[in-house]
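Asks: 3D model of this:
(2 chains)
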Amino acid sequence: MLDLARFATELWIARWAVAQGLGMTILISTLAIVLGSLLGIGIGLVLVYGGWIARFIVRLYVDFVRGTPVFVLVLASFYLLSGIGIQLTAFQAGLFALTIFCSTHVGENLRGSLLSLPRGQMEAGKAIGLTFPQVFAYILAPQALRQALPAWVNTATEMVKASTLLSIIGVVELLLVTREIISRNFLSLEFYFFAGLLYFLIDYAIERAGKFVERRVALPT
Amino acid sequence: MAQPVLKIENLHKKFKEVEVLKGVDLSLQTGDVVSIIGSSGSGKTTLLRCVNLLEEFHEGRILIEDDEVGYLSGPPRRRRKEAEIARQRAMTGMVFQQFNLFPHMSALRNVTLGLTKVKKLPLDEAVAIAEKWLARVGLSDRRDHYPGQLSGGQQQRVAIARAVAMNPKVMLFDEVTSALDPELVNEVLNVVKGLADDGMTMLLVTHEMKFAFEVSDRVVFMNQGRIEEEGPPEELFRAPKSQRLAEFLKNAKF
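Replies: Residues are numbered from 1 along each chain as shown, chains lettered A, B, ... in the order given. The predicted model follows:
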């Protein structure tokens, strides 16, 4: 049975470890989302506006990464890269794997958003004498980003969940910390449930923040 | 005769292997209002879009006040730099069938964008010009509305204000009432007519024969990529010379 008093005691004992794990989860997810989004924007732009060689290379990259389970990407970053002489810490390897995973999602999302804009938008911009960079900056990008926002928020929540996979290579994030705590006190049900609650709260916060921004930038109709 | 504002010489255009413009010559003096009529596929919209370089053309020249648009005919023929092309596009004002307003900008901002970013006017001047033109098309009270909050006719009037505010040499109208509900057609045509009365040089592609008849100095009938007949509206509509135009007019709505 659940023994809440004991759970509270054990949680108090492990409070710093939990806080550290939570901090690591938030840190590595945030970094992966930020770096992955920056890289993803570049990928999306190449996929839409790049020459055929650049497009072909980036398309291969995207399809390869998206066709590989994140779990395999994490393991490969940690074990394979060291095999070819690139020594990464668990943190670096994990961040690398999550970043490239994130970049392909953001890139595809942005590509879809840009391609969904009516051709007339580009033409109307050109017709008043705007150059292509101006058309992109003032007309296409603001509309594409609005469209991409819901899927981007979804990607961000996926990244938090995917960060649990880094426990396998020894990144001391929330799930790994939770398992260590459980190995000491055997309160597996309580602590897994607690970790699950924390993950839910992080993703719920991202979801709410996303909805807030969506409402703020929504166009009046 | 004075130098024409817009001169199209022997214009040829292909889509892949299909030649859609087979040598078109047309010239507009300042203040001319010319309507292009013809069945779909005759190349009239393509011709209009070539003037604004939204379509490439493969032979011939387009001149705006003696300046070659898009290509230097050479030899060798070569495309002008993108920055020059952008500057040339600003010399013609285009109004589209589908309005193509920027949905994330208010009516006012739709009009000021080109003024601030292309003409580099300070914002207060741009706003003053935009307000003047929005008033002119009867939409002063809609200046802060977004396109999604406007009717089709209102959107098209904003689009006209956006184009004409740039003070173009020539205005190009591409079937500007075709996407409108019938009861909204007239509010747009009245605005176009007002511009014509003010002496704006205009090239229109239209299916509104009555309007073309009323507003035009000249009407051009296009057929299969060529100009088949050209002349004052009275002559063209009352006494068509060619068989094709006679047939076209018989089936057209007035």
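
Asks: nearest to chain B: which residue in chain A?
Replies: residue A:129 (2.8 Å; CB to the nearest CB). C-beta coordinates here come from the backbone N, C-alpha and C atoms, glycine included.

Asks: neighbours around the closest residue to that residue other than its chain neighbours, how many?
Replies: Closest residue to residue A:129 apart from its sequence neighbours, by CB to CB, 6 or more residues apart in numbering or on different chains: residue B:90 at 2.8 Å. Here the number of neighbours of residue B:90 (other CB atoms under 10 Å in any protein chain shown) works out to 20.

Asks: for residue B:31, see how far away residue B:90 is.
Replies: 20 Å (CB to CB, to the nearest Å).

Asks: middle-most residue in chain B, spatially?
Replies: residue B:172 (1.1 Å; CA atoms, centre = their mean).

Asks: oh, I was asking about chain A
Replies: What sits nearest the mean C-alpha location of chain A, by CA atoms, centre = their mean, is residue A:159, with 3.5 Å.

Asks: so that residue: helix, strand or coil?
Replies: helix (DSSP: H, G, I helix; E, B strand; the rest coil).

Asks: I figured it hits residue A:32, correct?
Replies: Yes. With contacts counted by CB atoms under 8 Å, residue A:159 reaches residue A:32, the gap being 5.4 Å.

Asks: shared neighbours of the two, anything?
Replies: Contact with both residue A:159 and residue A:32 is made by residues A:98, A:101-102, according to CB atoms under 8 Å, 6 or more residues apart in numbering or on different chains.

Asks: go back to these and keep what's next to chain B.
Replies: Near chain B, taking CB under 8 Å from any CB of the partner chain as the test, no member of the shared contacts of residue A:159 and residue A:32 is found.

Asks: tabulate those residues (JSON lines), appending distance to residue A:52 and pLDDT.
Replies: JSON lines is the format used below for these (distance: CB to CB, whole Å; pLDDT from 0 to 100):
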{"residue": "A:98", "distance to residue A:52": "30", "pLDDT": "96"}
{"residue": "A:101", "distance to residue A:52": "26", "pLDDT": "96"}
{"residue": "A:102", "distance to residue A:52": "26", "pLDDT": "96"}
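
Asks: could you dump the residues you listed to TSV with neighbour count and distance to residue A:66?
Replies: Converted to TSV, these look like this (neighbours: other CB atoms under 10 Å in any protein chain shown; distance: CB to CB, whole Å):
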residue	neighbour count	distance to residue A:66
A:98	28	14
A:101	24	8
A:102	29	11
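
Asks: just those: which are in helices?
Replies: Mapping these onto helices (DSSP state H) picks out A:98, A:101-102.

Asks: residue numbers of chain B in contact with chain A?
Replies: Checking chain B against chain A by CB under 8 Å from any CB, the hits are B:52-54, B:82-83, B:86-87, B:89-94, B:96, B:98, B:100-104, B:113-114, B:117-118, B:145-146, B:148-149, B:159, B:162-163, B:166.

Asks: whichever of those end up buried, select them in PyMOL.
Replies: Isolation of the buried members of these (16 or more other CB atoms under 10 Å in any protein chain shown) is achieved in PyMOL through the command below:
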select buried, chain B and resi 52+53+54+86+89+90+91+92+93+94+96+98+100+101+102+103+104+113+114+117+118+145+146+159+162+163+166
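
Asks: just the residues of chain B next to chain A: which are in strands?
Replies: B:92-94 (DSSP state E).

Asks: with distance to residue A:65 added, can I get those residues in CSV?
Replies: CSV is the format used below for these (distance: CB to CB, whole Å):
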residue, distance to residue A:65
B:92, 45
B:93, 46
B:94, 42
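
Asks: flag the shaky bits of chain B, pLDDT-wise.
Replies: B:1, B:253-254 (pLDDT under 70).

Asks: which residues does the helix of greatest length in chain B contact?
Replies: The single longest helix within chain B, with elements called by DSSP H, is helix B:182-197. With CB under 8 Å, 6+ apart as the test, helix B:182-197 has contacts from B:33, B:136-138, B:151-153, B:156-157, B:160, B:164, B:171, B:173, B:176-177, B:180, B:202, B:204, B:208, B:211, B:214-215.

Asks: could you rerun that using 10 Å?
Replies: B:31-33, B:93, B:95, B:99, B:136-139, B:151-157, B:159-161, B:163-164, B:171, B:173, B:176-178, B:180, B:200-202, B:204, B:206, B:208, B:210-211, B:214-217 (CB atoms under 10 Å, 6 or more residues apart in numbering or on different chains).

Asks: can you go through the residues you listed and name the buried ones?
Replies: B:32-33, B:93, B:95, B:99, B:136-139, B:152-157, B:159-161, B:163-164, B:171, B:173, B:176-177, B:180, B:200-202, B:204, B:206, B:208, B:211, B:215-216.

Asks: in strands only, show me those residues.
Replies: B:33, B:93, B:95, B:171, B:173, B:202, B:204.

Asks: quick one: the helices in the chain?
Replies: If you meant another chain, say so; for now it's chain A. A:4-13, A:15-49, A:52-66, A:70-75, A:81-83, A:90-116, A:119-127, A:132-135, A:141-162, A:174-185, A:188-217.

Asks: switch to chain B, that's the one I care about
Replies: Using DSSP H, helices in chain B cover B:44-51, B:82-89, B:107-117, B:123-136, B:152-164, B:182-197, B:209-215, B:233-238, B:243-251.

Asks: then the first one to CSV, C-alphas only?
Replies: Taking C-alpha atoms only, helix B:44-51 is exported to CSV below (Å, rounded to 0.1, in the frame of the first residue of the first chain):
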residue,chain,number,x,y,z
LYS,B,44,-4.0,38.2,-71.3
THR,B,45,-3.2,37.6,-67.7
THR,B,46,0.3,36.3,-68.6
LEU,B,47,0.9,39.5,-70.6
LEU,B,48,-0.1,41.6,-67.6
ARG,B,49,2.1,39.6,-65.2
CYS,B,50,5.1,39.9,-67.6
VAL,B,51,4.9,43.7,-67.2
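
Asks: which of the residues in that helix are buried?
Replies: B:44-51.

Asks: ditto for the fourth one
Replies: Taking 16+ other CB under 10 Å as the basis for neighbour counts, the residues of helix B:123-136 that come out buried are B:126-127, B:129-131, B:133-134, B:136.

Asks: how far off helix B:152-164 does that helix point, in degrees?
Replies: 130 degrees (axes from the mean of the first three to the mean of the last three CA atoms, to 10 degrees).
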